[in-house]
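Colleague: pasting the sequence and the predicted model now:
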Amino acid sequence: MEIKYIFYFFIGGIVVSLVSYFASHSKGLMAAFFANLPVITFVTFIIIYLESGEKNVILYAKSLLIMLFPWLAYIFSIIILGPKIGIIPSLLLGLTIYFVLSFFIIKFLALKI
């Protein structure tokens with residue numbers, strides 16, 4: 001196993017641990033800060049750049065922006081539906097919305113290529 005995957009694992013674990021810690025102590029803003037910290041994307045950008053160059057980093061960054069819309073739909077479903085139907089059902093529905101929107105975006109963009 002390559003060492004870089006162990007590095008990725010630890011970075012991901014540290015981020016998840018910080019988010020869980022702050023969220024469990026009613027510090028939602030700090031939890032959100034660590035959850036959205038661009039450490040993972042930063043490391044990903046560096047690795048993509050080193051392995052395949054600038055062009056693929058730019059393509060990945062543009063793709064992240066496109067996939068932001070399904071992610072926002074997921075987050076808004078939790079905010080809107082959480083108080084009405086509960087957190088677990090809203091999470092499941094939000095994930096479903098995310099996957100459906102992502103599927104259509106990927107299919108639509110695949111037709112343009």
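Modeller: The structure has been received and is ready for your questions.

Colleague: give me the most central residue, this structure.
Modeller: residue 71 (7.3 Å; Cα atoms, centre = their mean).

Colleague: and residue 27, how many neighbours?
Modeller: Counted with other Cβ atoms under 10 Å, the neighbours of residue 27 add up to 13. C-betas here are computed from N, CA, C, even on glycine.

Colleague: walk me through the domains of this structure.
Modeller: 1-53, 67-113 (automatic domain parsing).

Colleague: just to revisit the earlier point, check the residue nearest to the centre of the chain and give its pLDDT.
Modeller: pLDDT recorded at residue 71 is 94.

Colleague: any idea how far the nearest residue to residue 4 once chain neighbours are set aside lies from residue 23?
Modeller: Leaving aside its sequence neighbours, residue 4 sits nearest to residue 47 (Cβ to Cβ, 6 or more residues apart in numbering; 6.8 Å). Distance, residue 47 to residue 23, by Cβ to Cβ, to the nearest Å: 28 Å.

Colleague: then residue 29?
Modeller: For residue 29, the distance to residue 23 - Cβ to Cβ - is 10 Å.

Colleague: compare neighbour counts for the two and give me the winner.
Modeller: Taking other Cβ under 10 Å, residue 29 and residue 23 do not tie; residue 23 has more neighbours (15 against 7).

Colleague: show me what the helix or strand encompassing residue 12 is packed up against.
Modeller: Residue 12 is part of helix 3-24 when elements are defined by DSSP states H and E. On a contact count with 3 or more Cβ pairs under 8 Å, 6 or more residues apart in numbering; DSSP states H and E, helix 3-24 meets helix 28-35, helix 39-52.
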